[in-house]
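1. here is a sequence together with a model predicted from it:
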Amino acid sequence: MFVYDVVEVICLVHDRGKIKWASLMLPEHVEMLQDFFSEEAPKEKPVLNEDYINEMELTLQQAIHDKKKVELSYYQNGSIKSVIGHIIKIQPTERKITVQEATMKQKVPFENIVAIRTIE
């Protein structure tokens, strides 16, 4: 019983920081702070080694050959995004892969791809 009481007191003390100042702030300030803390800091583009790039290339070839659905993760504007779908076209001259998910097609540049995995 004693441990439970200590955990409960710690939780209350920890929560008190947010509760204490909330009544002194205008709703506009609260919204501004929520927006500020919800934004992620921009990430740097990961550097991929040659072995990993070769592994991704094999996964890509298998997905195309077996017509499997893939999850393609790519870097864009300081964050890692992903798209799930079938690879319908590889454009070596434009250096892009076209992925179709349902009715939407998306082109992803080769140099922005950070991960590829097949989905069963």
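-> Yes, it's here.

2. those helices in this structure, which residues are they?
-> Remark: helices assigned in the chain by DSSP state H are 2-22, 27-38, 50-66.

3. list the buried residues of the biggest strand by length in the chain.
-> The single longest strand within the chain, with elements called by DSSP state E, is strand 79-91. For strand 79-91, a neighbour-count test (16 or more other C-beta atoms under 10 Å) marks V83, G85, I87 as buried. Where C-beta positions appear, they are placed from N, C-alpha and C, glycine not excepted.

4. same thing with stretch 51-70?
-> M56, T59, L60, A63, I64, V70.

5. biggest separation within the residues you listed, which pair?
-> Across the buried residues of stretch 51-70, no pair lies farther apart than M56 and I64, at 12.6 Å, counting by C-beta to C-beta.

6. how close does K69 sit to M56?
-> Noted for K69: a distance of 16 Å to M56, by C-beta to C-beta, to the nearest Å.

7. ah, wrong one, I meant S82
-> As judged by C-beta to C-beta, S82 and M56 stand 14 Å apart.

8. can you check V99 too?
-> V99 sits 14 Å away from M56, going by C-beta to C-beta.

9. just F110 next, same as before
-> Noted for F110: a distance of 10 Å to M56, by C-beta to C-beta.

10. and if you look at K68?
-> For K68 relative to M56 (C-beta to C-beta), the value is 14 Å.

11. ok, P42 next?
-> In terms of C-beta to C-beta, P42 sits 23 Å off from M56.

12. what comes into contact with stretch 93-102?
-> Stretch 93-102 has contacts (C-beta atoms under 8 Å, 6 or more residues apart in numbering) with 60, 70, 72, 83-91, 105-111, 113.
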